[in-house]
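> Return atomic coordinates for the entry below.
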Amino acid sequence: MELGTPDDLRTELNSLVLAGRKTATTGLLAEYVEETEGLEFVGERLALVDNGGRAVATIEITGVELTSFSEVTWKHAAAEGEGDASLEEWRAGHRRFWEREGTPVQDDTPVVCLAFRVVPTRSGPLMA
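Coordinates of the predicted model:
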């Protein structure tokens, strides 16, 4: 799993995961379609990778929800652990991020909300 973009943002997000503060993330369904990639599933284990593509941890998916951008809950947004003080702040930050990436989001944009936990790397095979 690659969080954010391969720069300081990914380093920061990975640090939050490793510190136990980030236990969720949100992605655009359109990115899954573009990459012809299936959705993650509960119990799936993935390598969390750094900017160089090296595994820094193994995460296990504990929840998968397909919803619209406007229906993302505060519980999920807060679990992203990025310091947002409100759901409105979370939405504004994510809108800015995706707009910078060339994919502006609307309220009805489909998103994939993932919940996860860090597991010891010795506890199973990794899937990139």
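> Could you list the low-pLDDT ranges of the protein?
Filtered on pLDDT under 70, the chain yields the residue ranges 121-128.
> how close does the residue nearest the centre of it sit to residue 88?
The centroid of the chain falls nearest to residue 25 when counting by C-alpha atoms, centre = their mean (2.6 Å). Relative to residue 88, residue 25 is positioned 19 Å away (C-beta to C-beta, to the nearest Å). For the C-beta atoms, the positions are set from N, CA and C on the backbone; glycine is no exception.
> Residue 77 now?
Applying C-beta to C-beta to residue 77 and residue 88 gives a distance of 10 Å.
> Between these two, which has more neighbouring residues?
residue 77 (22 against 11; other C-beta atoms under 10 Å).
> got the phi/psi numbers for the more buried one?
Reported as degrees, to the nearest 10, the phi and psi values for residue 77 are phi -60, psi -40.
> Nearest residue to it in space, please, no chain neighbours.
residue 90 (3.9 Å; C-beta to C-beta, 6 or more residues apart in numbering).
> what's near enough to touch the one you found?
When contacts are counted by C-beta atoms under 8 Å, 6 or more residues apart in numbering, residue 90 touches 72, 74, 77, 78, 80, 82, 84.
> contacting residues for the first one?
In this structure, residue 72 makes contact with 26, 87, 90, 91, 111, 113, judged by C-beta under 8 Å, 6+ apart.
> picking up where we left off before, where's the residue nearest to residue 77, which helix or strand?
Assigned by DSSP states H and E, residue 90 belongs to helix 87-100.
> Just the buried positions in that helix, please.
87, 90, 91, 94, 98 (16 or more other C-beta atoms under 10 Å).
> do the same with stretch 63-72
Of the residues in stretch 63-72, those buried (16+ other C-beta under 10 Å) are 65, 69, 72.
> Need the distance between the two termini of it.
Length of stretch 63-72, first residue to last, C-alpha to C-alpha, to the nearest Å: 13 Å.
> In a helix, residue 26, correct?
No: judged by DSSP: H, G, I helix; E, B strand; the rest coil, residue 26 forms no part of a helix; its state is strand.
> I figured it hits residue 82, correct?
No: contact criterion C-beta atoms under 8 Å: residue 26 and residue 82 do not qualify, at 10.6 Å.
> Okay then, goodbye and thanks.
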